[in-house]
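Trainee: Sequence and computational prediction follow.
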Amino acid sequence: MYDLFIVGAGPIGCYFTQKTKEFNYKLIEEHAEVGKPVQCAGLVGENIFKYVEKEYINKINGAYIHYNEEYFALRKKNVAYVLDREKFDKNLSKDLDISFKESFLAAKIKKDKIEIKTNKGIYYSKYLVGCDGVRSTVRNYVSNKEPSYLKSIQHTVEYEHEDDMISFFLKPFSWIIPENSKICRIGVISKDPYNDLRLSKGKVINKTGGLIPIGRINTYKNNVFLIGDAGSQTKPLTGGGLYYGIKAADIAGNLFLRDKIEKYDSEWKKSFGKQILFGLLGKKIYDNISNEDMIRFYNFVKKNRTKIEESCNFDRHSSLLKIILSSPEIWPLFLKYLVRMSLF
Ligand SMILES: Cc1cc2nc3c(=O)[nH]c(=O)nc-3n(C[C@H](O)[C@H](O)[C@H](O)COP(=O)(O)OP(=O)(O)OC[C@H]3O[C@@H](n4cnc5c(N)ncnc54)[C@H](O)[C@@H]3O)c2cc1C
């Protein structure tokens, strides 16, 4: 019988297993190797390097914020880093014992153990851990609520762009992230990403895409728990999931080592659950905002860009809330949407 049966050798499953590998574990992965296929823009803030090795392919010093035909720059040194996502995942998987081409199929929760069925056999474990990504099936044993899903696609393209600046387009939410001055990751999150992708004329080197889960769900029940995309631990406004997923895996790992894993759901929500709630509120406003109000918000950000450059944090979207709260001229806009959202 295993102590831990972990489904999914993505970055979050690997990070969690590294933390708990002194236990008797089984880690399964349905693909033939770690890190493939890549479905990610690989953009992270500095905070993730508290947990993982500081290895990146490009450093970012700011962003051009575009809306309609206008744009302005927000500048902050080393505000973000571009990862080689395949290498990132492979580094996290070093020395782990992974059973490849093995897929989780079903589980039976018994009184003192969990029976787990895969395409290769039946196993028993004290705990079952779902690190099986956005379309998690382990989730069925923990939460009766499904997250919402954002659709996204991204092309890696030969495209010239300042190599230390990103371009963000506000509607639909799109990005140009340079790997270097000649190759960029160009992507979009929208209801119809194939139509909305801002394709350039350059040669396409790679195409990817996928779903991103958003929304708070329950992540622990009867010795089964969910981490990363499986637990919908992403930033609702931008879809970033690496930092929150690794942070949650760190919390889960520490609790497991202290035999306190039943506290996992409340502990991660105490740590960064409010950031997700703020993001969900922001996303609701973003989805409903009129063009006229978006222009007002865009001009507000532009006017306050020095404050934003000083105090905004890549991983704490609520840092923008402080600026909003200290700027009465923008309150009516937010109150209008808060009232609307509470009525409908
Ligand atoms: C287009 C796009 C761009 C993104 N850009 C960014 C970004 O710039 N920054 C950022 O922080 N985040 C970004 N994200 C989100 C980020 O990619 C995810 O949050 C991250 O991959 C989550 O890691 P994970 O380990 O939880 O899940 P995954 O990386 O999806 O890993 C899950 C693993 O589980 C395996 N698995 C699934 N089901 C089973 C099963 N039944 N049996 C066995 N194995 C199984 C899968 O094969 C996979 O290897 C982006 C997402 C998309 C789609």
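Mentor: Happy to help now that I have it.
Trainee: Would you mind giving the domain segments of the chain?
Mentor: For the chain, automatic domain parsing gives the domain ranges 2-279, 280-343.
Trainee: Would you point to the one among these that's packed deepest?
Mentor: Comparing these by mean neighbour count (mean count of other C-beta atoms under 10 Å), domain 2-279 ranks first with a mean of 19. Any C-beta I mention is one placed from the backbone N, CA and C, and that applies to glycine too.
Trainee: can you give me the end-to-end distance of that one?
Mentor: 37 Å (C-alpha to C-alpha, to the nearest Å).
Trainee: Give me the mean pLDDT for it.
Mentor: Domain 2-279 shows a mean pLDDT of 96.
Trainee: CSV for the domains of the chain, including distance to the ligand?
Mentor: Shown next, in CSV, are these (distance: least, C-beta to the nearest ligand atom, whole Å):
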stretch, distance to the ligand
domain 2-279, 2
domain 280-343, 9
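Trainee: show me the contacts for the most centrally placed residue in the chain.
Mentor: Centroid check for the chain by C-alpha atoms, centre = their mean gives Gly241 as the closest residue, at 1.1 Å. When contacts are counted by C-beta atoms under 8 Å, 6 or more residues apart in numbering, Gly241 touches Ile212, Pro213, Gly228, Asp229, Gln233, Thr234, Lys235.
Trainee: What about the closest residue to the second one other than its chain neighbours? Give its phi and psi, please.
Mentor: Read it as Pro213. On the basis of C-beta to C-beta, 6 or more residues apart in numbering, the spatially nearest residue to Pro213 that is not a chain neighbour turns out to be Pro147, at 3.8 Å. Backbone torsions for Pro147, taken as degrees, to the nearest 10, come to phi -70, psi 170.
Trainee: contacting residues around Pro147?
Mentor: Pro213, Ile214, Gly215, Ile217, Ser232.
Trainee: I figured Ile57 hits Val82, correct?
Mentor: Yes: contact criterion C-beta atoms under 8 Å: Ile57 and Val82 qualify, at 5.5 Å.
Trainee: Give the intersection of the neighbour lists for those two.
Mentor: Glu179.
Trainee: just to revisit the earlier point, separation between the residue nearest to Pro213 and Gly231?
Mentor: Noted for Pro147: a distance of 9 Å to Gly231, by C-beta to C-beta, to the nearest Å.
Trainee: residues shared between the contacts of these two?
Mentor: Contacts common to Pro147 and Gly231, judged by C-beta under 8 Å, 6+ apart, are Ile217.
Trainee: Can you list the helices and strands that the host helix or strand of Gln275 packs against?
Mentor: Element membership for Gln275 (DSSP states H and E) is helix 274-288. Applying 3 or more C-beta pairs under 8 Å, 6 or more residues apart in numbering; DSSP states H and E, one finds that helix 274-288 contacts strand 204-214, helix 331-343.
Trainee: now what about that helix, what contacts it?
Mentor: By C-beta under 8 Å, 6+ apart, helix 274-288 touches 214-216, 233-237, 244, 315-318, 321, 334, 337, 340-341.
Trainee: now the angle from it to strand 204-214?
Mentor: Counting by axes from the mean of the first three to the mean of the last three C-alpha atoms, to 10 degrees, helix 274-288 lies at 110 degrees to strand 204-214.
Trainee: what angle do helix 274-288 and helix 331-343 make?
Mentor: 90 degrees.
Trainee: continuing past helix 274-288, what's the next helix or strand?
Mentor: Remark: after helix 274-288, the chain's next helix or strand is helix 291-303, criterion DSSP H and E.
Trainee: how far is that following helix from where the chain is centred?
Mentor: 26 Å (C-alpha atoms, centre = their mean, to the nearest Å).
Trainee: Could you do stretch 204-217 as well?
Mentor: Worked out by C-alpha atoms, centre = their mean, stretch 204-217 lies 9 Å from the chain centre.
Trainee: wait, doesn't Gly133 sit right on Gly8?
Mentor: Yes: if you go by C-beta under 8 Å, Gly133 and Gly8 touch, sitting 5.9 Å apart.
Trainee: got a list of contacts for the helix or strand hosting Phe5?
Mentor: For Phe5, the host element (DSSP H and E) is strand 2-7. Here strand 2-7 makes contact (C-beta under 8 Å, 6+ apart) with 13, 16-17, 20, 23-28, 104, 114, 116, 123-132, 138, 256.
Trainee: what do you get if the cut-off is 7 Å, keeping everything else the same?
Mentor: 13, 16-17, 20, 23-28, 104, 116, 123, 125-132, 138 (C-beta atoms under 7 Å, 6 or more residues apart in numbering).
Trainee: again, but for stretch 218-228
Mentor: 10, 12, 16, 109, 114, 126-131, 136, 138-139, 141-143, 231, 241, 245, 248-249, 252, 261-262, 264-265.
Trainee: Who are the contact partners of Ser143?
Mentor: Ile217, Asn218.
Trainee: what about it, is that helix, strand or coil?
Mentor: Of the three states, Ser143 takes coil under DSSP: H, G, I helix; E, B strand; the rest coil.
Trainee: again with Lys263
Mentor: Lys263 ends up helix, using three-state DSSP.
Trainee: ok, it touching Ala252?
Mentor: No: Lys263 is beyond contact range of Ala252, at 9.9 Å (criterion: C-beta atoms under 7 Å).
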